[in-house]
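Novice: Take a look and give me a structure for this.
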Amino acid sequence: IWALIVGLILSLFGTISGLIIPLIVKQVIENMSSNIYTKFILPSLIIIALWISSSILSVYLLQYVGIKVVKDLRTKLWHKLLNLPVKYYDMEHSGELISRVINDTTVLKELLSFKIVDFITGIITIIGSTVILFLIDVPMTLVLILGIPLVALVVVPIGSKLYKIAVNEQEEMASLTSLLSQTLSEIRLIKAYGSEDVEFYKGENNFKNLFKYGMKTAKIESILTPLIMCFAMLIFIFVISFGAYRVSVGAVSSGDLIAFLLYVTNLIDPVKKLLNFTEQFQEGVTGFERFMEMISVIPDIKDAPDAQSMQEVKGNISFENVSFHYADSDQMVLNHVNLDVPAGEYVALVGSSGAGKTTLCSLIPRFYDVTGGTIRVDGQDIRNIKLSDLRNHIGIVQQDVYLFAGTILENIRYGKQDASREEVIRA
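Specialist: Below is the predicted model:
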């Protein structure tokens, strides 16, 4: 948190330095003398040097904060994903989950690293400049402020439209990521069935939708930016005209007018940043909502409060009146199944596709919990056994062989990371 605090302080220092420069210019114009260098120019150079130094350090520190926050968020999300039950993945597309880990957290990084800081410093610049403008001349400041409601009338309605577009765009991006993940992982099957055109059409449809949302954003921004600049230019011209009149009647000095115009110019960049913040904030809120949606999922398959470790495992498995249906359906896949598998015996489950063979096997390591009945290992209800201990005593050979990235040694050792080389060779 120290980096965030120091970064904010340095950023605020740079903002305050920017507010001092116009006052020095005002003094230079009104106090032309032979020692102008030591009185005004040298202090200005020192302030500019300090402003540049503080800006460099603040950008670095705030970048560090943003990158670290994203790392922590991704780590937390990754831990959550690995500990969610299997049935969660039955209902969610893997590509959408990947999008949440990568895309949504990247949007949050941009928001936390710069946009919020820009928002804070922008507000300080606007407030500081406005206070100084009032001190220079109240009538000119009031003329300037009268133009703000015109800008607000344009920005506020557009902000809500940008939010809706941001939500749709991120959902579409998640859908595309899901499609890419699924298609590329099953490319052999797609080629075997000659389905390249089908998958191409799906991807092309995603690209078209993303293009559509991108063009909606571009359309709004293409209207918004020139419109705001037009309002700003009109206000600026009106302020200059009114300021010239104030100088002509002796109400303010020429130095006051120049300083006033510099502060008005100072307001342009913060206003732009606030407008950009509106769009980024909407995207960031959407990303954060999607992040919290996943983090708030509570796994329903977990250790019971009195769960115990397995002692002297023999391997007797018994199904006692077991029934089961998936969460998204009330149709029973298994109905009052009774089965005893003594330790050391080989049992083959034979049946048509969809009969429940894989489902029955998935209940033993508690990928799913039974809807009714009990499964016991050596007479002990598996729901009263520590989940990690239960799964450590089960070996699973999948129908489809999958190799993780790494060496053959690492793949064989995957189920027992501390296995010796001799154990691996024996396996």
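Novice: where exactly do the strands run in this structure?
Specialist: Taking DSSP state E as the criterion, the chain carries its strands at 317-324, 334-341, 372-377, 380-381.
Novice: how about the ones you listed in a markdown table, adding distance to Gly128 and mean pLDDT?
Specialist: For every residue, glycine as well, the C-beta is placed using N, CA and C. Below are the strands of the chain laid out as a markdown table (distance: least, Cβ to Cβ, whole Å; pLDDT from 0 to 100):
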| stretch | distance to Gly128 | mean pLDDT |
| --- | --- | --- |
| strand 317-324 | 66 | 94 |
| strand 334-341 | 70 | 92 |
| strand 372-377 | 69 | 93 |
| strand 380-381 | 68 | 92 |
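Novice: Can you lay out the ones you listed as a markdown table showing distance to Gln63 and mean neighbour count?
Specialist: Shown next, in a markdown table, are the strands of the chain (distance: least, Cβ to Cβ, whole Å; neighbours: other Cβ atoms under 10 Å):
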| stretch | distance to Gln63 | mean neighbour count |
| --- | --- | --- |
| strand 317-324 | 51 | 17 |
| strand 334-341 | 54 | 14 |
| strand 372-377 | 52 | 17 |
| strand 380-381 | 53 | 14 |
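Novice: Could I get the contacting residues of Ile29?
Specialist: By Cβ atoms under 8 Å, 6 or more residues apart in numbering, Ile29 lies in contact with 253-255, 258.
Novice: Of those, keep whichever come out buried.
Specialist: Buried by 16 or more other Cβ atoms under 10 Å: 253, 255, 258, out of the contacts of Ile29.
Novice: Now do the last one against Gly250, distance only.
Specialist: Pointing back at Ile258 there. 16 Å (Cβ to Cβ, to the nearest Å).
Novice: Let me see the contact set for the residue nearest in space to the middle of the chain.
Specialist: The centre of the chain sits closest to Thr105, judged by Cα atoms, centre = their mean, with a distance of 2.4 Å. Neighbouring residues of Thr105 by Cβ under 8 Å, 6+ apart: 70, 73-74, 77, 287, 291.
Novice: try it again with 10 Å
Specialist: Residues in contact with Thr105, defined by Cβ atoms under 10 Å, 6 or more residues apart in numbering, are 69-74, 76-77, 99, 287-288, 290-291.
Novice: The helix ranked longest in the chain packs against which elements?
Specialist: Counting residues, the longest helix found in the chain (DSSP state H) is helix 196-248. Secondary-structure packing of helix 196-248 (3 or more Cβ pairs under 10 Å, 6 or more residues apart in numbering; DSSP states H and E): helix 138-145, helix 148-185, helix 187-192, helix 254-295.
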